[in-house]
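# I'll drop the sequence and a predicted model, then ask my questions.
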Amino acid sequence: MDQIYSWIAASAFGLEGAIAGELRRLGMKDVRAENGLIRFRGTLLEGYACNLSLRFSDRVYLLMAEAENCLSFDSLFQLVATVPWENYLSGTEFIHLSAQCARSQLMSPRDCQAIAKKAILNRLRDKTGRSVFPETGAEFPVHVSIHENAVRVMLDTTGTSLSRRGYRTWNGEAPLRETLAAALVEFSPWRPGMPLYDPCCGTGTLLIEAALRQGHFAPGLQRSFAMEHFCFFDAEAGKAVKKQLLDACQPSRITGIAGSDINLEAVDLARRHLKLAGLKDCISLEVKPLQEVILQAKNGVFLCNPPYGERLGDLESCHQLYHDLRLLQERHPTWSLCAIVSDPAFEKCFGRRADKKRRLYNGRLECQFYTFMGRRIRA
Ligand SMILES: C[S@@+](CC[C@H](N)C(=O)[O-])C[C@H]1O[C@@H](n2cnc3c(N)ncnc32)[C@H](O)[C@@H]1O
């Protein structure tokens, strides 16, 4: 279990720096961010702790092999066959191959999957002397990524994306991915201890992610990961890592987080998600239009994901709503306001230039994350 492995954490556009920061805080070695991924080194248990703890990454891979200039199926076969798969497989796993090809000589994911699987099975046959592998056991997900002829062969230790924390039962109309919501919390000026309010909270993703952070809840505590079923993973040691993270949770630290939405169903759903996240009494929610929100606290942060027009409501009413967000901040001059929006007219409708802007993607939609700083006063 003390062997050091090479790992890759997958990142959505714009979140690489934040994920690299998380990995460093978790004590990982040689953390290096590249486009769309972060490399690091650590033991198997440390990789497991990353699966449990990373807030912004979608997936954690073990890097099994890589090569710069892979131009033929033959080279791909040779590369995959260099991996000592016999050390990682007991012989019954369902070896599931996926592949992604971009701007490369090898551009057929389906063929790359087939070649890679053949190379794995050939190696297993050679090294174990067995000819039949029933594949009736747990999933062993291998991913082949080919980008500008550079190949990476990776073992997916996560399974279902890390954005699936386990608290979301139903998606509502336009929810944020949990990993993006957690990153917005990080990029906003809010820090635990300050008031936080989402005036169009929908199913509650931003509020829940902020509360998980404030209460020191590792986001993966309520779910399982592909690596828990790997034959070379020490499940008992994994349980101890999980227990340590469970013991670190401090729900009593969660204060000052609240939100509202005009839609009753969305608020009901948010309440359900709060319960499932173990945060039932930690966040207050109400059904209310943001035009009527008036708060007593000072020096807080409004954090929101208002409707964009493309997906919810029509553009004209969205533009009015963006102006209403400005009025909300004017009613609370000591509060900062942050919003993720795809509409380029947002600042114009809001009526003020943002103090900070950050380009991000909400799914496939290019967005800006705007921050309008409030005028903080001494408490
Ligand atoms: C993009 S969704 C927010 C999704 C949310 N971040 C989530 O993760 O579920 C926008 C939300 O704004 C709400 N909304 C629209 N007009 C509103 C208004 N005038 N006041 C408050 N909420 C409003 C909608 O009901 C919807 O839930």
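The structure has been received and is ready for your questions. For clarity, every value in this text was computed on a predicted model and none was experimentally measured.
# of all the residues in the stretch 251-379 of the chain, which ones are close to the ligand?
For the stretch 251-379 of the chain, the contact set with the ligand under CB under 6 Å from any ligand atom comprises 261-263, 266, 289-290, 305-307, 312, 321. Bear in mind the C-beta positions are built from the backbone N, C-alpha and C, glycine included.
# from the chain's centre, how far out does the helix or strand where Gly21 lies sit?
Assigning secondary structure by DSSP states H and E places Gly21 in helix 16-25. Its chain's average C-alpha position is 12 Å from that of helix 16-25, according to CA atoms, centre = their mean, to the nearest Å.
# That one - contacts with which helices or strands?
Counting contacts by 3 or more CB pairs under 8 Å, 6 or more residues apart in numbering; DSSP states H and E, helix 16-25 packs against strand 29-34, strand 37-42, helix 178-187.
# The ones you listed: which one's closest to the ligand?
helix 178-187 (6.4 Å; CB to the nearest ligand atom).
# Let me know the angle separating the closest one from helix 16-25.
80 degrees (axes from the mean of the first three to the mean of the last three CA atoms, to 10 degrees).
# The helix or strand that helix 178-187 is followed by pairs with which strands, parallel or anti?
Sequence order places strand 196-198 as the next helix or strand after helix 178-187, per DSSP H and E. Paired neighbours of strand 196-198 in the sheet (DSSP bridges): strand 257-261 (parallel), strand 301-304 (parallel).
# who's in contact with strand 196-198?
Identification of contacts with strand 196-198 by CB atoms under 8 Å, 6 or more residues apart in numbering yields 190, 204, 206-207, 210, 256-260, 293, 295, 300-305, 335.
# what do you get for stretch 39-52?
1-9, 23, 26-32, 57, 60, 62-63, 157-158, 162, 218-221, 225, 227-228, 232-234, 237-238, 241-242, 245.
# just these that are near the ligand?
By CB under 6 Å from any ligand atom, no member of the contacts of stretch 39-52 lies near the ligand.
# Mind checking which of the residues you listed land in strands?
Residues of the contacts of stretch 39-52 located in strands (DSSP state E): 5-9, 29-32, 60, 62-63.
# which helices and strands sit right next to the one helix or strand Leu337 maps to?
In this structure, Leu337 sits in strand 336-341 according to DSSP H and E. In terms of contacts (3+ CB pairs under 8 Å, 6+ apart), strand 336-341 is packed against helix 178-187, strand 301-304, helix 315-331, strand 365-372.
# Next secondary structure after that strand?
Using DSSP H and E, the first helix or strand after strand 336-341 is helix 346-350.
# May I have the strands that pair with the next helix-or-strand element following that next one, each with its orientation?
Later in the chain than helix 346-350, the nearest helix or strand by DSSP H and E is strand 356-362. Strands that pair with strand 356-362, judged by DSSP bridges, come out as strand 365-372 (antiparallel).
# The partner strand to strand 336-341, inter-axis angle?
Inter-element angle recorded for strand 365-372 and strand 336-341: 170 degrees (by the same axes, to 10 degrees).
# Run the chain-centre distance for strand 365-372.
Here strand 365-372 is found 18 Å from its chain centre; the criterion is CA atoms, centre = their mean.
# ok, residues contacting that strand?
Residues outside strand 365-372 that contact it (CB under 8 Å, 6+ apart) are 184, 187-189, 308, 310, 329, 336-342, 346-347, 350, 352, 354-361.
# Now stretch 199-208 - C-alpha only, CSV.
Provided in CSV are the C-alpha atoms of stretch 199-208 (Å, rounded to 0.1, in the frame of the first residue of the first chain):
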residue,chain,number,x,y,z
PRO,A,199,-31.7,34.3,-4.0
CYS,A,200,-32.6,31.9,-6.8
CYS,A,201,-31.4,28.7,-5.2
GLY,A,202,-33.3,26.1,-7.4
THR,A,203,-32.4,22.7,-6.1
GLY,A,204,-29.9,24.1,-3.6
THR,A,205,-26.6,23.0,-5.2
LEU,A,206,-24.6,26.2,-4.3
LEU,A,207,-25.9,26.3,-0.8
ILE,A,208,-25.2,22.6,-0.2
